[in-house]
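I'd like to go over a predicted model; first the sequence, then the structure.
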Amino acid sequence: MAEDSTQPPHATRFIETTRGVLSYSQLAPLLAERVLNVQQDIEDELFASRPLDESLLLDFHRGICSDLTPAWAGRFRDADVRVGEHHPPPPYRVPRLILDYFADLNARMSALRQAGDPLLLELLAFAEGRLLSIHPFPDFNGRVTRLFLVELLRRLELPAVELAPASPVNRKRFLEALHAADKLDWQPLIALWKERIETVA
């Protein structure tokens, strides 16, 4: 799982942690260790009996940063944020939007009929794009979303796919697809999910 985020490349940011004020580049390897630990727990099916809801999402966030940023680990953001050109919803709307997100996601899951269901790609595009658009946490939204998608793929009995594009061209296309998803246009993300799954099939 690549450690890119949806932040602009080369952004210099500093975060107050239990290990002092760290630059994002200093913090990234610490987060990577914790992401891998949570990912291993997912592969070991430790979350298999949990419902797909906000408590699972909060636990994933807590799992990657509770010892580093305990003041806000596993908590929805309480401030406005900006991600590139995207202005996520104000913080007071986040809890309701996350409840609605999981209600919608679970309804989409229930509507799937078979492995090749054409609704599958739309479900995956919605799961990724809508969660990143809401941007529920103060930070590390990209990592938590990727972990959530790993759990979702496991439940859908789909292979692991590359979720964080490494090349500049693919990253640009991914960010453009997310920008479209911010406007509830899922088609670019659907196309990306189709490629992701076909690449590993």
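Cool, the structure landed.

how far away is Lys183 from Ile64?
Going from Lys183 to Ile64 by C-beta to C-beta, to the nearest Å gives 29 Å. Quick note: C-beta positions are derived from backbone N, CA and C, even for glycine.

these two - which one has more neighbours?
Ile64 (25 against 10; other C-beta atoms under 10 Å).

next up, the contacts around the nearest residue to that one once chain neighbours are set aside.
Closest residue to Ile64 apart from its sequence neighbours, by C-beta to C-beta, 6 or more residues apart in numbering: Arg34 at 4.3 Å. Counting by C-beta atoms under 8 Å, 6 or more residues apart in numbering, Arg34 touches 63-65, 68.

my guess is Gly74 meets Ser55, correct?
No - using C-beta atoms under 8 Å, Gly74 is not in contact with Ser55, being 9.4 Å away.

pick out whichever of those two has more residues nearby.
Comparing Gly74 with Ser55 by other C-beta under 10 Å, the one with more neighbours is Gly74, at 19 against 12.

for the more buried one, give me its contacts.
Counting by C-beta under 8 Å, 6+ apart, Gly74 has contacts 58-59, 61-62, 66.

neighbours of Leu36, how many?
By other C-beta under 10 Å, the residues close to Leu36 number 12.

the one 10 residues further on too?
In terms of burial, Leu46 registers 12 neighbours under the definition other C-beta under 10 Å.

run a quick neighbour tally on Val200.
When neighbours are counted by other C-beta under 10 Å, Val200 comes out with 10.

any idea how far Ala166 is from the residue nearest to Ile64?
Separation of Arg34 from Ala166 (C-beta to C-beta) stands at 21 Å.

before we move on, what about Asp59?
For Asp59, the distance to Ala166 - C-beta to C-beta - is 28 Å.
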